[in-house]
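>>> sharing a model that was predicted from the sequence below.
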Amino acid sequence: MKSKNTALLLGNEAIARGAWEAGCHLVSSYPGTPSTEITEVCAEYPEMHTEWATNEKVALEVAVGASFGGARAMSCMKHVGLNVAADPLFTAAYTGVNGGLVVCVADDPGMHSSQNEQDSRFYARAAMLPMMEPSDSAECLSFTKAAFELSERFDAPVLIRSTTRIAHARSQVTLQEREEAPIRPYEKNPTKYVMMPAMARGRHLVVEQRTNALKEYVETCPFNKIEMRDDLKVGVICSGIAYQYVREALPEASILKLGIVNPIPEKAIRAFAAKVDTLYVLEELEPVIEEQVKAMGIDAIGKQLTGHQGELSVNRIKKMFDEPIPTYAAPESLPGRPPVMCAGCPHRGPFSVLSKRKMHVMGDIGCYTLGALAPLTALDASLCMGASVGMAQGIGRAQGEQFGRDTVAVIGDSTFLHSGVTSLISAVYNKAPITLVILDNRITGMTGHQPNPASGKDIHGNDVPALDLAALCRACGVDRVVTVDAFDLDGFDKAVTQETAVNEPSVIIARQPCALLDKKSKKPALQIDQTKCRKCMACMKMGCPAIEKRDNGVVINESQCVGCGLCIQTCKFGAIGKAGERG
Amino acid sequence: MNLNLVIVGVGGQGTLLASRLLGALAQEIGLNVKVSEVHGMSQRGGSVITYVRMGEQVLSPIVDEGGADYVIAFEQLEALRALPYLKQGGTLITNTGCISPMPVIIGAAEYPGGIIEKLSDQCNLIALDASMLAQEAGESRAVNLVLMGVLANELKLDEQIWINAIHQCVPERFISSNLKAFEAGVKYRLG
């Protein structure tokens, strides 16, 4: 079965391949699990200009510009990224496209790596845009190719929605060659592309007409399929990953599989519903399809069985239909194994200082959100990309001057550039005396080491001018900007004392490259001299995975330790040092 | 042949390579296959789980509880945690190595004792010190290949199919030590 033209690809890799085969010219994105690999794989195809933008809004605007310029273009993001890009999306729905424009959005039911489990299908409905939903990697590839054609045919950006189990599952695909899509001619056309009231009113009518045309199209398009089986007792409407679960859990059920989830085919749904005894709509997250079906006056069972939370699965569906599943009993409560900051992580030092000082910490989105977990438990709040800087301003206004002095905002370098910098400008403008800590580890860590404008590298690893974060903060109007070594606990502590004392905005940049990135400068592992150790456990309060409490005392796991030296600074008894030269 | 496998371990232990190797193996023997991976936050030293399903037709990319023919565990505690995934009559292959999770490291919880005994009381268990065998093969990180070798001995497929799959998934410079680790796993039960 394995031949030269087949491959076992992640859904994300298949979307990238589909874009390439469709002749896509430009991809601009911001990383976000589970969407990141789409853009990383696009960067491997030299025919596509591929870039990391500073945020999803910028990314989509670059793609919109490319589309206006006649190129096929794509922008990819996670579900919460589409919130950031929603502004251009809603109006690009009015302008339509020139070259095909595809927007990929990856939802995360069950929140494997996200702060909420919002359902992106609402965006398609709200922006009146077509949305496709593939159910495996083969469909990721073929739907992406088709999405570019549909975009040009209906003069609309086309959304592709995936979920974690599609994005990060490998299945077989058939590969084809790239078909070049010549750059379309550009003509200035203000009534289509300049969205001010007079023109936008005209375009809204076009959007209505387009929606009607799409509603006709989805009745007979090849992406929606009816699979009638002999038994007509149970009929299920489903899409995406739920389709795979339903087919496996209910092999006898008749199925209406939606490949296009907006708009949905009313006539086909009515016909299907009429043929089956009981109609089910089995969808993850929100009842987006179910409510539309019910609004047609058709009875359907859905959320009352599935609930709104988490992922569906074959077992969950079997249980809904009372099918027993023999399993081993789950073991009695076991210690959990949450993700942790790596040994040598440069975020650990600053959080241990803030935690010790009992500061109020407005956190942000990245590896450093793990600072919320035991034993550091340093964060008070974490909301969305860039929110730390604004939240610090607001909570200071609410709780008063002293509380404000005991508060810091903590953000990573990439997240600061994504959407923290505008909030810093606002703090200066409104004379909010916040202290902002930028944890500058030179990279976008959590999503797998994507470079950002401060890294000095582009997506291909080429050298580019590295943005100077300190200079940027000064240019925002912050007079007090101090840079410290993230491994220097005393230095960081002093900087916090100084900067939180002043009645003006200040920035502390704590610098050290990500421990995973900087393996070359890994230092020899440290050891604890058991004759000097008083078992005070001060080093354990750092939450370093390389330091462990065993029956015979506290020991450093040499295979994990990267010699960052933080624990040396916490030991009052001089018990920790390099092997052979301690004390 | 229909085969459902669950691979569990701790982020950073090399479970992804094992699942990709099984994906390549399925393609070598002409079966359909789906491999479900873990990316993002859970990779930072947390519990990780990947699923591999192969057969004539594979629908869900996930192996549900009670569905795994084999659970392959890179660490004891994760083996016990993953027991509900095992199908009645399935086999659990585990490395006997332990990695303390953060609640244990900081003294908020205890690492459970007697895991291997508990497991062997309940299910078909193959427990081995895969870390040591990997070290002996000259590549301490090749725990994954040792465990794949044990699985190979169970599945009784032509060994050349495995070797082809290993060549597809392992970088050239690690091939020889990884093949040694694989062989050590294959021979483990043969004595």
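Nice, thanks for sending it over. Everything quoted here is computed from the prediction, not taken from an experiment.
>>> low-scoring stretches of chain B, by residue?
Along chain B, the model assigns pLDDT under 70 to residues B:40-43, B:191.
>>> next, name the residue at the spatial heart of it.
residue B:72 (3.4 Å; Cα atoms, centre = their mean).
>>> wait, what's in contact with that one?
The contact partners of residue B:72, taken as Cβ atoms under 8 Å, 6 or more residues apart in numbering or on different chains, are B:5-8, B:18, B:93-94, B:147, B:151. C-beta here means a position set from N, CA and C on the backbone, and glycine is covered the same way.
>>> what about 6 Å?
Shown here is residue B:72, whose contacts under the criterion Cβ atoms under 6 Å, 6 or more residues apart in numbering or on different chains are B:7, B:93, B:147.
>>> chain A versus the last one, what's the distance?
Plainly put, residue B:147 is 18 Å away from chain A if you go by Cβ to the nearest Cβ, to the nearest Å.
>>> in this structure that residue contacts residue B:129, no?
No. Taking Cβ atoms under 6 Å as the definition, residue B:147 is not a contact partner of residue B:129, at 11.3 Å.
>>> more neighbours: the two, which one.
When residue B:147 and residue B:129 are compared for neighbours, residue B:147 comes out ahead with 31 against 15, by other Cβ atoms under 10 Å in any protein chain shown.
>>> which SS state does the more buried one fall under?
When states are read from DSSP: H, G, I helix; E, B strand; the rest coil, the local structure at residue B:147 comes out as helix.
>>> residue A:509 too?
Secondary structure state of residue A:509, per three-state DSSP, is strand.
>>> now do it against residue A:501, distance only.
Taking Cβ to Cβ, to the nearest Å as the criterion, residue A:509 is separated from residue A:501 by 18 Å.
>>> what about these two, which has more around it?
Between residue A:509 and residue A:501, counting by other Cβ under 10 Å, residue A:509 is the more crowded of the two (20 against 11).
>>> let me see the contact set for that one.
Contact criterion Cβ under 6 Å, 6+ apart gives A:438, A:440, A:469-470, A:483 as the residues in contact with residue A:509.
>>> for those, pick the one with the most neighbours.
residue A:438 (29 neighbours).
>>> now it: closest residue in space that isn't a chain neighbour?
Taking Cβ to Cβ, 6 or more residues apart in numbering or on different chains, and ignoring the residues beside it in sequence, residue A:438 has residue A:509 as its nearest neighbour in space, at 4.8 Å.
>>> and what of residue A:355?
Nearest residue to residue A:355 in three dimensions, chain neighbours excluded: residue A:378, at 4.3 Å (Cβ to Cβ, 6+ apart).
>>> please tell me how far that neighbour sits from residue A:388.
For residue A:378, the distance to residue A:388 (Cβ to Cβ) stands at 12 Å.
>>> so these two - more neighbours on which side?
residue A:388 (30 against 27).
>>> hang on, the more buried one packs against residue A:408?
No. The pair residue A:388 and residue A:408 does not pass the contact test of Cβ under 6 Å, sitting 8.7 Å apart.
>>> OK, contacts around residue A:406?
Residue A:406 neighbours (Cβ under 6 Å, 6+ apart): A:359-360.
>>> in three-state terms, how would residue A:482 be classified?
Assigned with three-state DSSP, residue A:482 falls in the strand class.
>>> right, and it touches residue A:494 too?
No. With the criterion set as Cβ under 6 Å, residue A:482 and residue A:494 do not qualify as a contacting pair; they are 9.4 Å apart.
>>> so for the two, which sits in the more crowded spot?
Taking residue A:482 and residue A:494 together and counting by other Cβ under 10 Å, residue A:482 has the greater number of neighbours (17 against 14).
>>> near chain A, which residues of chain B are found?
By the rule Cβ under 6 Å from any Cβ of the partner chain, the part of chain B lying against chain A is B:23, B:27, B:30, B:34-37, B:39-42, B:44-47, B:59-61, B:64-66, B:80-81, B:83-84, B:86, B:88, B:100-107, B:109.
>>> of those residues, just the buried ones, PyMOL syntax please.
If you want just the buried ones from the residues of chain B next to chain A in PyMOL, going by 16 or more other Cβ atoms under 10 Å in any protein chain shown, the selection is:
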select buried, chain B and resi 23+27+34+35+36+37+39+40+41+42+44+45+46+47+59+60+61+64+65+66+80+81+83+84+86+100+101+102+103+104+105+106+109
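>>> give me the subset of the residues of chain B next to chain A that lies in strands.
Those of the residues of chain B next to chain A mapping onto strands are B:34-36, B:47, B:86, B:88, per DSSP state E.
>>> distance of residue A:36 from residue A:205?
From residue A:36 over to residue A:205 the distance is 38 Å, taken as Cβ to Cβ.
>>> give me the more crowded residue out of the two.
For the pair residue A:36 and residue A:205, the greater number of neighbours falls to residue A:36 (27 against 9), based on other Cβ under 10 Å.
>>> so what's that one closest to, chain neighbours aside?
Leaving out its chain neighbours, the residue that sits closest to residue A:36 by Cβ to Cβ, 6+ apart is residue A:447, at 4.8 Å.
>>> what sits against the one you found?
Shown in contact with residue A:447 (Cβ under 6 Å, 6+ apart): A:31, A:33, A:36.
>>> same thing with residue A:512?
Neighbouring residues of residue A:512 by Cβ under 6 Å, 6+ apart: A:346, A:486-487.
>>> and the strands in the stretch 101-250 of chain A, which stretches?
Taking DSSP state E, counting those that start in this stretch to define them, one finds strands in the stretch 101-250 of chain A at A:101-107, A:131-132, A:158-163, A:169-174, A:225-227, A:234-239.
>>> for those, which one sits closest to chain B?
Taking Cβ to the nearest Cβ as the criterion, strand A:169-174 is the member of these that comes nearest to chain B, at 3.7 Å.
>>> could you point out the longest helix of chain A?
When chain A is scanned for its longest helix (criterion: DSSP state H), the result is helix A:197-220.
>>> distance between that helix and the chain's centre?
Averaging C-alpha positions (Cα atoms, centre = their mean, to the nearest Å) puts helix A:197-220 31 Å from its chain's average.
>>> picking up where we left off before, so which of the contacts of residue A:447 comes closest to residue A:228?
Each of these was scored against residue A:228 by Cβ to Cβ, and residue A:33 proved nearest at 38.1 Å.
>>> returning to what we had before: is the residue nearest to residue A:36 in a helix, a strand, or coil?
Three states are possible here, and by three-state DSSP the one that applies to residue A:447 is coil.
>>> which residues are contacting the worst-scoring helix or strand of chain A on mean pLDDT?
Sorting the helices and strands of chain A by mean pLDDT, DSSP states H and E puts strand A:547-550 at the bottom, at a mean of 86. Under the contact criterion Cβ under 6 Å, 6+ apart, strand A:547-550 has outside partners A:539, A:555-557, B:100, B:105, B:107.
>>> run a quick neighbour tally on the closest residue to residue B:81 other than its chain neighbours.
Nearest in space to residue B:81, with sequence neighbours left out and distances taken as Cβ to Cβ, 6+ apart, is residue A:334 at 5.6 Å. Neighbour count of residue A:334, defined by other Cβ under 10 Å: 18.
>>> circling back to that earlier point, want to try JSON lines for the ones in strands among the residues of chain B next to chain A, with distance to residue A:354 as columns?
Converted to JSON lines, these look like this (distance: Cβ to Cβ, whole Å):
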{"residue": "B:34", "distance to residue A:354": "44"}
{"residue": "B:35", "distance to residue A:354": "41"}
{"residue": "B:36", "distance to residue A:354": "37"}
{"residue": "B:47", "distance to residue A:354": "27"}
{"residue": "B:86", "distance to residue A:354": "43"}
{"residue": "B:88", "distance to residue A:354": "50"}
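>>> I'd say residue A:481 and residue A:508 touch.
No. With contacts counted by Cβ under 6 Å, residue A:481 stays clear of residue A:508, the gap being 8.1 Å.
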